[in-house]
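Trainee: Generate a structure from the sequence data that follows.
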Amino acid sequence: MTAGPCLASAYEFRDKTYISVILRAPKVSARFKDTRILIHWALTRLFKNDLSEDEKQILKVLKRHDRDLDSDYSEDEHEFRYDCGDAG
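Mentor: The predicted structure follows:
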C-alpha cells in the first residue's frame, strides 16, 4: 500500500516546533484542512488551561472550516485515486 498524497508540516507555538504528517489525503485541500484540525486538537490538549486570550483566538482560527484558509482549494479539485496493489 502506498502513502498516497501527503503533507508534512511544522508549526511554531511558544518557541517550540510541532510536526504533523497527513497521509493519504483524499483531496489536495484536505491535507491543509486536516493539518489545521490536527494542530488545533494537539495544542488545545497540551495547553488546556494555560492559553492566553490571544492564543485562544489563534487556535480558534485554525479550527475554522474555511476554504480561504486552505491555500490550494479550487472548485474543480478532484479526488485522488490510488493503486493500492502490491508494488512488489
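Trainee: what's the closest non-adjacent residue to L7?
Mentor: R31 (3.8 Å; C-beta to C-beta, 6 or more residues apart in numbering). For every residue, glycine as well, the C-beta is placed using N, CA and C.
Trainee: so which strand or helix has the one you found?
Mentor: Assigned by DSSP states H and E, R31 belongs to helix 28-46.
Trainee: buried stuff in that helix?
Mentor: Residues of helix 28-46 classed as buried by neighbour count (16 or more other C-beta atoms under 10 Å): 28-40, 43-44.
Trainee: just checking, what packs against the helix or strand following it?
Mentor: As assigned by DSSP H and E, the chain's next helix or strand after helix 28-46 is helix 53-63. Judged by 3 or more C-beta pairs under 8 Å, 6 or more residues apart in numbering; DSSP states H and E, the packing partners of helix 53-63 are helix 28-46.
Trainee: per-residue confidence at the residue nearest to L7?
Mentor: Looking at R31, its pLDDT reads 83.
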